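Asker: this one's structure only:
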């Protein structure tokens, strides 16, 4: 087993959302889950080789296996790519979703396509209940979008509102499990033209994600434009994610460096 730690989507060197990249491993899913839980990093990605020669990425958070984790994919791409091989086709273990890994001008990007999102009715009172803020006023109607891990997108008024939230994490988890949605992504528009967000899908507040690539992709689908998205400053992991529209597909990328 070869294990490397990388920092992904950081706004500067030495910061970013941590991920472990594991190669030459032949353990079971249960053993991989135990490994991820014991290491306690935000995400682990196992690089496997299929019988047909293809590269398969298998994702694990400390608490569960995941169909897709883009910050871990960014880490895997940094390990796999080089100037001599700047593009690589891979696929995901759980849903066989195709991904293209790209190294461009020192940054890593993942190219992927929008995915079908669950058709779920969102009652008017639901956002306030999930966010535990009875008087919350959203700036736009809530929407569910997905690039492989569906998110409920909730736009709030400003950064102050965003960072003051103390959501009902148990209610979010229960609602998401019932409807096949991977938590809430609460976001706002910044004065500088960029966006900022928080990913709410863990039961422990301390486990809040520093960078959520699938949410950046979902927000890009919703807004129908490439974006610059900041996340993680409130948990001490300031990150910047960039997305681009590329025909019918989306590029999601940023910095990735070895820890």
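Answerer: Nice, I can see it. Since this is a predicted model, take the numbers as computed values, not measurements.
Asker: Domain boundaries for the chain, per the record?
Answerer: As recorded under automatic domain parsing, the domains making up the chain are 2-104, 126-254.
Asker: Could you pull up the mean pLDDT of the first one?
Answerer: When the per-residue pLDDT values of domain 2-104 are averaged, the result is 95.
Asker: Select, out of the domains of the chain, the one closest to residue 118.
Answerer: Minimum separation from residue 118 across these (C-beta to C-beta) falls at domain 126-254, 4.7 Å. To be clear about C-beta, it is placed using only N, CA and C from the backbone, and glycine gets the same treatment.
Asker: Can you list the neighbours in contact with the helix or strand where residue 31 lies?
Answerer: Residue 31 belongs to helix 29-39 when assigned by DSSP states H and E. With contacts defined as C-beta atoms under 8 Å, 6 or more residues apart in numbering, helix 29-39 is touched by 20, 22, 25, 27, 43-44, 46, 58, 60-65.
Asker: What's the ChimeraX line that selects buried ones from those residues?
Answerer: Selection command for ChimeraX covering only the buried members of these, criterion 16 or more other C-beta atoms under 10 Å:
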select :20,22,25,43,44,46,58,60,61,62,65
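Asker: Mind checking which of the contacts of helix 29-39 are in strands?
Answerer: Using DSSP state E, 20, 22, 44, 46, 58, 60, 65 are the members of these that sit in strands.
Asker: In those residues, find the pair that's most separated.
Answerer: Between any two of these (C-beta to C-beta), the greatest distance is 14.4 Å, for 20 and 65.
Asker: all strands for the stretch 51-200 of the chain, in order.
Answerer: 55-60, 65-66, 87-92, 98-104, 107-112, 143-145, 151-155, 184-189, 195-200 (DSSP state E, counting those that start in this stretch).
Asker: closest one to residue 245 among these?
Answerer: The nearest among these, by C-beta to C-beta, is strand 107-112 at 10.9 Å.
Asker: Who are the contact partners of the residue nearest to residue 94 when sequence neighbours are not counted?
Answerer: Among residues not flanking residue 94 along the chain, residue 67 sits closest, at 4.2 Å (C-beta to C-beta, 6 or more residues apart in numbering). Going by C-beta under 8 Å, 6+ apart, residue 67 touches 59, 92, 94-95, 97, 148-149.
Asker: Repeat the analysis, applying 7 Å as the threshold.
Answerer: For residue 67, the contact set (C-beta atoms under 7 Å, 6 or more residues apart in numbering) comprises 92, 94-95, 148-149.
Asker: From the residues you listed, list the buried ones, please.
Answerer: The neighbour count (16+ other C-beta under 10 Å) marks 92, 148-149 as buried among the contacts of residue 67.
Asker: want to try a markdown table for those residues, with distance to residue 77 as columns?
Answerer: As requested, these are exported to a markdown table (distance: C-beta to C-beta, whole Å):
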| residue | distance to residue 77 |
| --- | --- |
| 92 | 13 |
| 148 | 15 |
| 149 | 17 |
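Asker: okay, residue 202: pLDDT?
Answerer: pLDDT at residue 202 comes out at 84.
Asker: That one and residue 173: what is the separation?
Answerer: 8 Å (C-beta to C-beta, to the nearest Å).
Asker: The spatially closest residue to residue 25 that is not a sequence neighbour: how many residues sit nearby?
Answerer: Leaving aside its sequence neighbours, residue 25 sits nearest to residue 1 (C-beta to C-beta, 6+ apart; 4.8 Å). For residue 1, the count of nearby residues is 10 (other C-beta atoms under 10 Å).
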